[in-house]
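Trainee: Compute the structure for the input listed below.
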Amino acid sequence: MKILLAIDDSRFSKAALQSVLTLAPPKGTHVRVLHVIEPPSVLVARGLGGYNANLRMVWEAQRKNGQALVEQFAKDLAAGGFKVTTSIVQGEARSKIVDVARKWHADLIVVGSHGRRGLERFLMGSVSGAVVHHAPCSVQVVRPGSKR
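Mentor: Numbers count the residues shown, from 1 in each chain. Coordinates of the predicted model:
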């Protein structure tokens, strides 16, 4: 089985990791840990002044953070007995997750849900919702337990 685990630096991705660790059998399962670096908006980037140099610094910082993130998730999965590879790509998360799943021939995509509602969902969009609607395979959307 090939599982694409799409992550960001949030508790929602940690819940998705725990789901893979507890629900998938390690033997015969290959997990690709994917982190997508989304470009800063043009308005934000221009506000940085020295546009090109600052944009490169932002990209490099995001790449380094992303690399550390996928390596930690990969380490946890490998300790659980899974075959693991990592990927970091640049672009819009919702389309890149679907593209990687299609090209890699994933059997399952696992992604955390931020649970956005209302105006926030309208403005930010729903990555997990878009992935569910466009994925070439099954998708598991994981939400961490709520503390009320």
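
Trainee: now for the longest helix seen in the chain, which elements pack on it?
Mentor: If you go by DSSP state H, the chain has its longest helix at helix 51-79. Helix 51-79 is packed against strand 2-7, helix 11-23, strand 30-37, helix 42-47, strand 83-90, with contacts defined by 3 or more CB pairs under 8 Å, 6 or more residues apart in numbering; DSSP states H and E. The C-beta positions use only the backbone N, C-alpha and C, and glycine is treated the same way.

Trainee: Helix 51-79 and the last one, what's the angle between them?
Mentor: Spelled out, it's strand 83-90. Going by axes from the mean of the first three to the mean of the last three CA atoms, to 10 degrees, strand 83-90 is angled at 170 degrees with respect to helix 51-79.

Trainee: Please determine how far residue 36 is located from residue 8.
Mentor: According to CB to CB, to the nearest Å, residue 36 and residue 8 sit 8 Å apart.

Trainee: who's more crowded, those two?
Mentor: residue 36 (22 against 18; other CB atoms under 10 Å).

Trainee: and the more buried one, what is it in contact with?
Mentor: Going by CB atoms under 8 Å, 6 or more residues apart in numbering, residue 36 touches 6, 8, 88, 89, 90, 91, 92, 93, 96, 97.

Trainee: run the last query once more with 7 Å
Mentor: Taking CB atoms under 7 Å, 6 or more residues apart in numbering, we find residue 36 in contact with 89, 91, 93, 96, 97.

Trainee: next one: residue 128
Mentor: 111, 113, 141.

Trainee: Grab the CA positions of the host helix or strand of it and hand them over as CSV.
Mentor: Element membership for residue 128, per DSSP states H and E: helix 127-134. This file holds the C-alpha atoms of helix 127-134, laid out as CSV (Å, rounded to 0.1, in the frame of the first residue of the first chain):
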residue,chain,number,x,y,z
VAL,A,127,-7.1,22.2,1.4
SER,A,128,-8.5,18.9,2.6
GLY,A,129,-11.9,19.6,0.9
ALA,A,130,-10.2,20.3,-2.4
VAL,A,131,-8.0,17.2,-2.1
VAL,A,132,-11.1,15.1,-1.4
HIS,A,133,-12.9,16.4,-4.5
HIS,A,134,-9.9,16.0,-6.9
